[in-house]
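Asker: Predicted model follows, preceded by the sequence.
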Amino acid sequence: MADAAPSQESCFVPDPAYTFLFADPLPDLCCVICKEAKLTVAEHGHTFPGDNGDSNAYLVACGHIFCRKCCNAWFATKTTCPVCRFDLRHKRCRHLIKSLKLSPWNILFGPQPLPAGGKVPDQCSYCRDVEERTAVVTLCKPVAKCYYGLKLEAERWGSEEDTRAMELAKRNLDRVTEAVLGLITCYSSTDEW
Ligand SMILES: [Zn+2]
Ligand SMILES: [Zn+2]
Ligand SMILES: [Zn+2]
């Protein structure tokens, strides 16, 4: 494929695991934007923080892949895929759906392209995080306020009844906090864009 101009479809990778991990021989793909950079996936690319690897294949949610340089340059100013024109923004917050630097790890465990059944949440992870934090504060604040009020009373009067009320309020606060944090943990998953 080195001499021929790559077709538009050569950068469409709806199933990255098959294309990069199981295909034999590996497809000789090159970037359709610059038409020269080879699209490679490093064996140990970007698996752990601090491991930069040298993968040069960046997958976008619609299933198209581009080289790192072109991906950065294109999406610095645009929000649609250069090949299929898919709108690459989260529906609710309108932030850009981030491209995924491909590695054997995130090909298997990361988000899949939409044609392969991948899901794009309404909001980016940053906006989801902000919303979740706000929800935690909103839900926990009244319970926390009640606890601190009773704590002051107990410290001031020191009666057994006040202490018991304070301890009950503390247990409530712990329970609410734990429940809210549990909700958040079960909602965040790595297989979403
Ligand atoms: Zn390129
Ligand atoms: Zn596309
Ligand atoms: Zn966002």
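Answerer: Structure received. Ligands and ions are numbered 1, 2, ... in the order given.
Asker: Only the C-alpha atoms, please, for stretch 60-72, written as PDB.
Answerer: Output in PDB follows, covering the C-alpha atoms of stretch 60-72 (Å, rounded to 0.1, in the frame of the first residue of the first chain):
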ATOM      1  CA  VAL A  60     -11.900   8.400  16.700                       C
ATOM      2  CA  ALA A  61     -15.400   7.200  17.900                       C
ATOM      3  CA  CYS A  62     -16.800   6.800  14.300                       C
ATOM      4  CA  GLY A  63     -14.100   4.100  13.600                       C
ATOM      5  CA  HIS A  64     -11.600   6.100  11.600                       C
ATOM      6  CA  ILE A  65      -7.900   6.300  12.500                       C
ATOM      7  CA  PHE A  66      -5.300   8.900  11.800                       C
ATOM      8  CA  CYS A  67      -1.700   9.600  12.800                       C
ATOM      9  CA  ARG A  68      -1.000  11.500  15.900                       C
ATOM     10  CA  LYS A  69       0.100  14.700  14.200                       C
ATOM     11  CA  CYS A  70      -2.800  14.900  11.900                       C
ATOM     12  CA  CYS A  71      -5.300  14.000  14.600                       C
ATOM     13  CA  ASN A  72      -4.000  16.800  16.900                       C
END
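Asker: Now do that stretch: distance to the chain's middle.
Answerer: Relative to its parent chain, stretch 60-72 has a centroid offset of 16 Å by C-alpha atoms, centre = their mean, to the nearest Å.
Asker: where's the residue lying closest to C146 once chain neighbours are set aside, which helix or strand?
Answerer: Among residues not flanking C146 along the chain, A169 sits closest, at 5.3 Å (C-beta to C-beta, 6 or more residues apart in numbering). No exception for glycine: its C-beta is placed from N, CA and C like everyone else's. According to DSSP states H and E, A169 maps onto helix 160-187.
Asker: how about C93, what does it touch?
Answerer: D122, Q123, C124, C127 (C-beta atoms under 8 Å, 6 or more residues apart in numbering).
Asker: Who wins on neighbours among those residues?
Answerer: Counting neighbours by other C-beta atoms under 10 Å, C124 comes out on top of the contacts of C93 with 20 neighbours.
Asker: Assess the claim that it and R92 are in contact.
Answerer: No - assessed by C-beta atoms under 8 Å, C124 is found out of contact with R92, at 9.2 Å.
Asker: quick revisit: please convert the contacts of C93 to a markdown table, extending it with distance to ligand 1, secondary structure and pLDDT.
Answerer: Shown next, in a markdown table, are the contacts of C93 (distance: C-beta to the ion, whole Å; DSSP: H, G, I helix; E, B strand; the rest coil; pLDDT from 0 to 100):
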| residue | distance to ligand 1 | secondary structure | pLDDT |
| --- | --- | --- | --- |
| D122 | 30 | coil | 93 |
| Q123 | 29 | coil | 93 |
| C124 | 24 | coil | 93 |
| C127 | 29 | helix | 93 |
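Asker: Please report how far V32 lies from F12.
Answerer: Going from V32 to F12 by C-beta to C-beta, to the nearest Å gives 9 Å.
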